[in-house]
Structure formats: structure tokens, C-alpha cells
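Participant: Have a look; sequence and predicted model below, questions after that.
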Amino acid sequence: MPQARFIRLAFSIASLLFATGECFDKFFCMAQDLPLGIRGEAEETVEHRHTLSYHNSALPPIYSTPNMIGLMEWAAANSMLPFLDEGEISVGTAINIEHRGPTTVGERVRAEAVLESMNGRFYVFRVTAHNGKAEIGR
């Protein structure tokens with residue numbers, strides 16, 4: 001059975017929490033709670049600059065794993081946007097994904113992220129990427 005793959009997002013400023021889970025100062029914690037199940041998407045059309053061959057001409061002109069991961073992270077960040085107050089941001093802190101299929105220049109890639117769990121200031125998203133024909137990453 002394949003393992004679930006996740007991307008974790010957290011604030012760039014460390015949250016200071018009391019043992020009760022309350023924030024030390026509102027500056028260090030999110031002002032709004034995130035509901036489980038929120039979804040975000042991000043899309044891009046693959047250009048040469050997104051391919052392996054852009055970095056090394058000996059490699060094929062297919063969508064690179066780092067670009068797919070970046071798109072997945074944008075999808076997760078987009079899901080959080082409606083809940084962020086001015087000046088709040090989120091950044092990725094850990095990833096665990098599989099790049100499962102190739103995508104060529106000109107094809108459209110769509111990433112989706114769904115918030116599955118939270119642990120303090122860490123948010124765990126299930127992420128997938130599709131190229132219109134098949135799932136290419138999770």
C-alpha cells in the first residue's frame with residue numbers, strides 16, 4: 001500500500017506557545033484558525049525554463065520535480081490566503097512527494113492541496129499534481 005505524501009507549511013516566524021496551546025503574543029501566531037479540509041490550487045503551463053533540459057542539456061525536456069514541488073507549495077499557500085491577516089505568511093518546511101509521470105513543454109499542470117491536519121504552527125497538506133491526462137505527482 002503506498003504511503004500518503006505530504007507537504008508541510010509553517011510560519012516563517014516561530015510561534016511561542018504556552019503549555020495550554022495559547023499564543024505568547026498575537027505577533028507570533030496566526031490570528032485566525034484554519035479549518036481542516038480547506039483547498040487550494042495553482043496552475044502553470046510548462047515552459048522550457050521548467051524542464052530538466054533547461055538545467056542540463058543532456059536531460060530530457062520534461063517538467064522538473066523542483067518545479068512541481070514549487071507548484072504544490074503554491075497550492076497549499078493559496079488555500080491559506082483567505083485566513084491570513086495583513087503581514088502574515090506561510091512557508092514550506094518539509095516535503096515528501098513522488099514525481100510519478102512526465103509532462104512536456106506546452107502542457108498545463110494543476111496542483112491541488114487539501115489541509116489534512118495541524119500540529120501547533122505546522123499544517124499538513126495532501127498534495128497532488130495533474131497534467132490533464134494523469135496524476136503526475138503526490
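Facilitator: Here it is on my side, so go on.
Participant: just the helices in the protein please.
Facilitator: Per DSSP state H, the chain carries helices over the ranges 52-55, 65-80.
Participant: chain center to the first one, what's the gap?
Facilitator: Going back to what we said before, that points to helix 52-55. Put simply, helix 52-55 sits 22 Å off its chain's centre (Cα atoms, centre = their mean, to the nearest Å).
Participant: Could you measure from residue 135 over to residue 100?
Facilitator: 6 Å (Cβ to Cβ, to the nearest Å). Where C-beta positions appear, they are placed from N, C-alpha and C, glycine not excepted.
Participant: So between the two, which is more surrounded?
Facilitator: In terms of neighbours (other Cβ atoms under 10 Å), residue 100 is the more surrounded of residue 135 and residue 100; the figures are 15 against 12.
Participant: Go ahead and confirm that one touches residue 138.
Facilitator: Yes: Residue 100 lies in contact with residue 138 (Cβ atoms under 8 Å); the separation is 6.9 Å.
Participant: For stretch 131-138, list the C-alpha coordinates in PDB.
Facilitator: Provided in PDB are the C-alpha atoms of stretch 131-138 (Å, rounded to 0.1, in the frame of the first residue of the first chain):
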ATOM      1  CA  ASN A 131      -1.300  17.300 -16.300                       C
ATOM      2  CA  GLY A 132      -4.800  16.800 -17.700                       C
ATOM      3  CA  LYS A 133      -4.100  13.200 -18.700                       C
ATOM      4  CA  ALA A 134      -2.800  11.700 -15.400                       C
ATOM      5  CA  GLU A 135      -1.700  12.300 -11.900                       C
ATOM      6  CA  ILE A 136       2.000  13.200 -12.200                       C
ATOM      7  CA  GLY A 137       2.800  13.700  -8.500                       C
ATOM      8  CA  ARG A 138       1.600  13.200  -5.000                       C
END
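Participant: Can you mark which positions in it are buried?
Facilitator: Judged by neighbour count (16 or more other Cβ atoms under 10 Å), stretch 131-138 contains these buried residues: 131, 136-138.
Participant: what residues are up against residue 138?
Facilitator: Listed by Cβ atoms under 8 Å, 6 or more residues apart in numbering, the contact set of residue 138 reads 5, 97-98, 100, 126-129.
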